[in-house]
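Chemist: Here is my input; please provide its structure:
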Amino acid sequence: QCPACEWPNCKAPATHRAPKGRLREREYWQFCLDHVREYNHAYNFFAGMSAEDIARYQKEAVIGHRPTWKMGMNGGRPTSRSHSSRLHPEFSGADDPLGIFREFGGPADARRASERRLSEFRPTRNAQRKALDALGLEADASAQEVKTRFKALVKRHHPDANGGDRSSEDRLREIIQAYNYLKSIGFR
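Modeler: Predicted coordinates:
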């Protein structure tokens, strides 16, 4: 037994389905062949959407409208607000739902160990070596050590800290340039 066509004033058998529209996925009208053709000819999934919404929908369609996140060294899974808020502020960017790193001092220790391993294999460029020398650091210095040393040297050589003495102004300029270079190559 085939249901009747849902088109107004039509009693023909409804042998075809037609989508009811956006935000009503998996819901269908039951139409006869003539009315399903007419409906499909006039159907516009994007009706009522702005150009930006249409572009966003089309872009997200490429990945099946699923969430994504960056991969690689600076990527990782997005953490839920509730889980990251339970962590110490230093660990707020880390996600260790299984507690694997807990016995080793938490995610920060694992991150430091990973940075150390990467620095062993990371080739040091001449400019990078010179910048680290300007800050008085070794090639295997961590990003935190670079930042700490930079702050200490700026405090020491800044004219405001020396009572207006401008004799170490060139050294200060060298320190700032070295730090800016290290930041520009991603040494964070």
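Chemist: Only C-alpha atoms from now on, for both contacts and neighbour counts.
Modeler: Fine.
Chemist: How many residues are close by residue 132?
Modeler: In terms of burial, residue 132 registers 22 neighbours under the definition other Cα atoms under 10 Å.
Chemist: any idea how far it is from residue 152?
Modeler: As judged by Cα to Cα, to the nearest Å, residue 132 and residue 152 stand 14 Å apart.
Chemist: Check residue 127 too.
Modeler: Relative to residue 152, and taking Cα to Cα, residue 127 is found at 22 Å.
Chemist: what does residue 47 give?
Modeler: Residue 47 is 60 Å from residue 152, by Cα to Cα.
Chemist: now do residue 165
Modeler: From residue 165 over to residue 152 (counting by Cα to Cα), the distance is 17 Å.
Chemist: again, but for residue 70
Modeler: Applying Cα to Cα, the value for residue 70 to residue 152 is 34 Å.
Chemist: Helix, strand, or coil at the closest residue in space to residue 29 that isn't next to it in sequence?
Modeler: Excluding its sequence neighbours, the residue lying closest to residue 29 (Cα to Cα, 6 or more residues apart in numbering) is residue 18, at 5.1 Å. Judged by DSSP: H, G, I helix; E, B strand; the rest coil, the three-state class of residue 18 is strand.
Chemist: Can you get me a residue count around residue 18?
Modeler: Look at residue 18: counted by other Cα under 10 Å, it has 17 neighbours.
Chemist: again with residue 145
Modeler: Neighbourhood size, residue 145 [other Cα under 10 Å]: 14.
Chemist: Counting by contacts, list what the helix or strand where it lies packs against.
Modeler: Secondary structure from DSSP states H and E places residue 145 in helix 143-157. Packing contacts for helix 143-157, counted by 3 or more Cα pairs under 8 Å, 6 or more residues apart in numbering; DSSP states H and E, involve helix 169-184.
Chemist: 10 Å - rerun?
Modeler: Where contact means 3 or more Cα pairs under 10 Å, 6 or more residues apart in numbering; DSSP states H and E, helix 143-157 is packed against helix 107-121, helix 169-184.
Chemist: any idea how far residue 174 lies from residue 53?
Modeler: Residue 174 is 49 Å from residue 53, where distance means Cα to Cα.
Chemist: how close does residue 164 sit to residue 151?
Modeler: For residue 164, the distance to residue 151 under the criterion Cα to Cα works out to 19 Å.
Chemist: Neighbour count: these two, which is higher?
Modeler: Using other Cα under 10 Å, the more surrounded residue of residue 164 and residue 151 is residue 151, with 14 against 9.
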